[in-house]
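Asker: Here is the input, now give the coordinates:
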Amino acid sequence: MKIKKLKSLLFLVFSAFLVFSAFDVINPVFSHAAVKPAADIEKDGKNFGAYILKKDVLLKLNEHYGLKAYITESVKIESQRGINKYSEVIVPFSEKYQKIKLLYAYTLLNGMFKVPVGKHAVNVVSPGFAVNYPAYSDIKYLTLSMPAVEKGSVINFSYEIDNFKPLIKNGVFYTAYFSYTMPARKISFSLIYPEGININLYMHKLSGHEVSKKLVYIKNKKFVKLSASLSSVAAIKKESYMPPLKNLRSYIAVSTYNSWSRLFNRINAMFAKAERPTAKIKEFAASAVKKGKGESLRQKAALIYYSFVKTFRYVGIGYGINGYNPEPAGTTFANGYGDSKSLAALLITMLKVEGIDAYPVLIPSLNTAALNIKSVSPRQFDSVIVGFTLKEKGKNKKYYLYPDSSSYKAFKIPFGLAGRKGAAIIGRGSFKFISIPAEKPEQNEKVLLFKGRIAKSGTLKGRISIIYKGLYSNFERTSLKDINNYRKKLKAANFLYDFIPGAYIESFKYKNIKKINGNVKLNIKFIDRNYGVLRGDKLLFHSVMPVDMSLIRLVLKRKRLYPLIIGYPFEHIGKIKIKIPEKSSIYYLPQPLKFNNEAGSAYSNCSFSKNKAELSCVYKFESKKPAVSVKDYKKYRKIIKAYAAYLKNYFIAVSSVYFY
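Answerer: Numbers count the residues shown, from 1 in each chain. Below is the predicted model:
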């Protein structure tokens, strides 16, 4: 999960700076206009530690689709928070595709004294992630350590990025943002391009009157100049579990492709070139199928997939970070690692060798904005998976494989991609916008099973089994597969001690850590000699069920500004059976719990069998949707609070424990 989150985060960061090349498209498309309340920028700046005095982005496109970007920015520092956050300027770029040139950088003190940045304070360095992600060795950071930064000072810098090599032939894609997580006094954007080139322009949270278009002459040649600016832009307030920032920002997306068909034909050609099987690739696929004795195409696909994810390592961050061109399948096979698109190309090659007509599927994950078909740009996608269609019982059935991880079962994909719209590039001139199947709560279950007995002295002993299904199994497998037995025991103990702090673990075992097509399971045998408390002729004890703190963290806020983005629906289930001392009976059981609304449901109930001297309890919490609207948040919060309080205060009393 850490890798996946890092992918999404860095994709957003690089999106702001990596500019590519080539143009075609129709008239500008406008989204709904932003509602921009008047902002007291200086006052807001004190709360955020700094604010943008001005930011100018100028793009110059020539007739050969060469693009240069000029970025100029001034930031006013208002507090120590601003000093800590903004005195180090970092600009990502790709040495493979871009050249960067610092035009100037200085700190302005008291509105009049310029302190220029020193030559030793300007560096080009490799980012820390490059150690673990060799596919991105060409990504560099231009870093500026701004001098004399103090409260009231203004940081000024300007740089030029020359995109000398396109990521896609004749393709230029750029997104200019007008709002940030800090307030801004003025933000401007200009694009100058030769007359006759058509530009696809998509505007999000901007209205038409904020954009102007006019003809200008440069060296006696006609150019079109597009301009847009916003003043007094309030900061986007952050919130836990919030939607992607791009959904909330005002921005202009520029593309030089005028149709999805043209763009996908280009991407299809790049994949087709990469999907060339070598003798070793053919041998690998045949061996995988032979070992598992796969007969149907579906079985063959699963067998190849399981061998694939055990053999090849994912070392990527995002689909478009290092270009959109996958490495040749033979190169990825020889390396043993690859990023999203390269691994997809290799897996497609293997499947095709065995007669499965697979194809790449591009998807924007939950960490970025939903696919907008009005904006023709590959930058909307940050993931590549593999799809294929089989005819089963007279019907076409679609299957998807996720080549980026060794934690997912065949035909299961990460929750961050489930339910999202994407594009299946089936072949030249053939593509479809598709929706990945959404997850159901029962796909992601955490099931606790307990069988044991409690003695009249209060000693509780028995066995707990935790079965992790769906994404919970993926989470556990990821955290367990590279740790030793001692750390596994610590993990098991920490889980048990959260709700039975006096337990002594007699034995424990994790199952299916390396078996991808099985659910991870934890079995614990334990004893707690002080679980029950004697009060006269009563034995009091708490239900053997943990209060899941992750649920509590979801609803710490009373009110939300944005929808609550969980990412996946899920179920937590508990089934408890406890033998009680003979000749005793249940004196007190809390009333059953039952809540149900659009966002989730909670249920709890216990029953007592006198003949068996056994107490049986069932608990269930269901979160129905991957996202909870602001409107439904109060209902969702109410359910979780009631359920957590119910579990925490669920005491059971057994009477007549002395009479045997």
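
Asker: Just the buried residues of the host helix or strand of Val384, please?
Answerer: Using DSSP states H and E, Val384 sits within strand 383-392. The neighbour-count check on strand 383-392 (16 or more other CB atoms under 10 Å) flags Ser383, Val384, Ile385, Val386, Gly387, Phe388 as buried. Every residue, glycine included, has its C-beta placed from N, CA and C.

Asker: Export those residues as CSV, with columns for pLDDT.
Answerer: Formatted as CSV, the buried residues of strand 383-392 follow (pLDDT from 0 to 100):
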residue, pLDDT
Ser383, 91
Val384, 94
Ile385, 95
Val386, 96
Gly387, 96
Phe388, 96
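
Asker: If we only consider the residues you listed, which is nearest to Gly452?
Answerer: Lowest distance from Gly452 to the buried residues of strand 383-392 (CB to CB) belongs to Ile385, with 43.4 Å.

Asker: Serialize the buried residues of strand 383-392 to CSV and add fields for distance to Lys491.
Answerer: Below are the buried residues of strand 383-392 laid out as CSV (distance: CB to CB, whole Å):
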residue, distance to Lys491
Ser383, 29
Val384, 33
Ile385, 30
Val386, 33
Gly387, 36
Phe388, 37
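
Asker: Pick out the most distant pair among the residues you listed.
Answerer: Maximum distance among these (CB to CB): 17.0 Å, for Ser383 and Phe388.

Asker: rewinding a little: and the average pLDDT for the very next helix or strand once past the strand holding Val384 is what?
Answerer: Next in sequence after strand 383-392, counting helices and strands by DSSP H and E, comes strand 395-401. For strand 395-401, mean pLDDT rounds to 93.

Asker: Could I get the CA-only coordinates of the helix or strand just after strand 395-401 as PDB?
Answerer: For strand 395-401, the following helix or strand on the C-terminal side (DSSP H and E) is strand 421-427. Extracted C-alpha coordinates of strand 421-427, given in PDB (Å, rounded to 0.1, in the frame of the first residue of the first chain):
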ATOM      1  CA  LYS A 421     -13.800   4.500 -15.300                       C
ATOM      2  CA  GLY A 422     -11.000   3.800 -17.600                       C
ATOM      3  CA  ALA A 423     -10.100   3.000 -21.200                       C
ATOM      4  CA  ALA A 424      -9.400  -0.400 -22.800                       C
ATOM      5  CA  ILE A 425      -7.100  -0.100 -25.700                       C
ATOM      6  CA  ILE A 426      -8.100  -3.300 -27.600                       C
ATOM      7  CA  GLY A 427      -6.200  -2.600 -30.800                       C
END
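
Asker: any idea how far the next helix or strand after strand 421-427 is from the chain center?
Answerer: Using DSSP H and E, the helix or strand that follows strand 421-427 in sequence is strand 430-435. Here strand 430-435 is found 22 Å from its chain centre; the criterion is CA atoms, centre = their mean, to the nearest Å.

Asker: And whichever helix or strand comes after strand 430-435, what's buried?
Answerer: Next helix or strand after strand 430-435 toward the C-terminus (DSSP H and E): strand 445-454. Going by neighbour count (16+ other CB under 10 Å), the buried part of strand 445-454 is Glu445, Lys446, Val447, Leu448, Leu449, Phe450, Gly452, Ile454.

Asker: Also stretch 156-175?
Answerer: Those would be 156-163, 166-168, 171-175, for stretch 156-175 by 16+ other CB under 10 Å.

Asker: before we move on, what about stretch 266-276?
Answerer: Neighbour-count burial for stretch 266-276, counted by 16+ other CB under 10 Å, picks out Arg266, Ile267, Asn268, Met270, Phe271, Ala274, Glu275.

Asker: And stretch 632-650, by the same measure?
Answerer: For stretch 632-650, burial by neighbour count (16+ other CB under 10 Å) applies to 632-640, 643-644, 646-647, 650.

Asker: which residues sit against that stretch?
Answerer: 542-543, 545-548, 551-552, 554-555, 558-560, 563-564, 590, 593, 595, 597-602, 604, 619, 621, 623, 628 (CB atoms under 8 Å, 6 or more residues apart in numbering).
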